[in-house]
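Chemist: Compute the structure for the input listed below.
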Amino acid sequence: MNKIEQTSTEKDALRQREELSANSSHDEVVKAFATKLNRVVMEGRKAGDDGLEAMERIAAQIIGGDNGQAILMRSMLLSIFGKVKVDLSEIGRLDWDLRKDLCAVILGVNHGRFDDYKIREILIAAGDHKAAWFFAGVPADPIDNE
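Modeler: Model prediction:
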């Protein structure tokens, strides 16, 4: 082999090594992305499940209630789906447990099985016949469920 051929062979070997290195780097990037995506999906599912549990606790406290906490919480729930506008500073008026549960609902909405129809199901199961206020967007009408 002459000097030119050897140099060409060395260049090919270097190029192959660089391609393998680049592919390894690409594979590592793809693997890292897949790992992150899986983590996000799993966190979303857990947030959805936690949100559903929190929604059940909220429903038990607000159904039929005409106190400030119940009315404010209904407004907050409606605001999640853009049915009313609520100043976020109002969250501070909620009792601590309701506030934590509202945050869990916010994180959980639209993850897994958690959507506005699931909220309606939970409200009805808690005793709110038809949950009409939720779909009508009327937060201050807690008792008109017939």
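
Chemist: host element of residue 74?
Modeler: Here residue 74 sits within helix 68-80, counting by DSSP states H and E.

Chemist: State the mean pLDDT of that helix.
Modeler: Here helix 68-80 scores 89 as its mean pLDDT.

Chemist: Which parts of this structure are helices?
Modeler: 3-62, 68-80, 96-108, 116-125, 132-136 (DSSP state H).

Chemist: deepest of the ones you listed, which one?
Modeler: By mean neighbour count, with neighbours taken as mean count of other Cβ atoms under 10 Å, helix 68-80 ranks first of the helices of the chain at a mean of 20. All C-beta atoms are positioned from the backbone trio N, CA, C, and that covers glycine.

Chemist: OK, contacts around the closest residue to residue 115 other than its chain neighbours?
Modeler: Of all residues not flanking residue 115 in the chain, residue 109 sits nearest, at 7.2 Å (Cβ to Cβ, 6 or more residues apart in numbering). Residues in contact with residue 109 (Cβ atoms under 8 Å, 6 or more residues apart in numbering) are 48, 51, 80, 115.

Chemist: Next: residue 128.
Modeler: 59, 63, 64, 134, 145.

Chemist: How about residue 81?
Modeler: residue 116.

Chemist: Tell me both backbone torsions, phi and psi, for it.
Modeler: Note on residue 81: backbone dihedrals following degrees, to the nearest 10 are phi -100, psi 20.

Chemist: Run a quick neighbour tally on residue 65.
Modeler: For residue 65, the neighbour count with other Cβ atoms under 10 Å is 14.

Chemist: how near is residue 115 to residue 41?
Modeler: Distance, residue 115 to residue 41, using Cβ to Cβ, to the nearest Å: 17 Å.

Chemist: hmm, I was thinking of residue 28
Modeler: 20 Å.

Chemist: again with residue 86
Modeler: Distance from residue 86 to residue 41, by Cβ to Cβ: 30 Å.

Chemist: who does the worst-scoring helix or strand of the chain on mean pLDDT touch, helix- and strand-wise?
Modeler: One helix or strand of the chain scores below all others by mean pLDDT, DSSP states H and E: helix 132-136, with a mean of 74. Judged by 3 or more Cβ pairs under 8 Å, 6 or more residues apart in numbering; DSSP states H and E, helix 132-136 is in contact with helix 68-80, helix 116-125.
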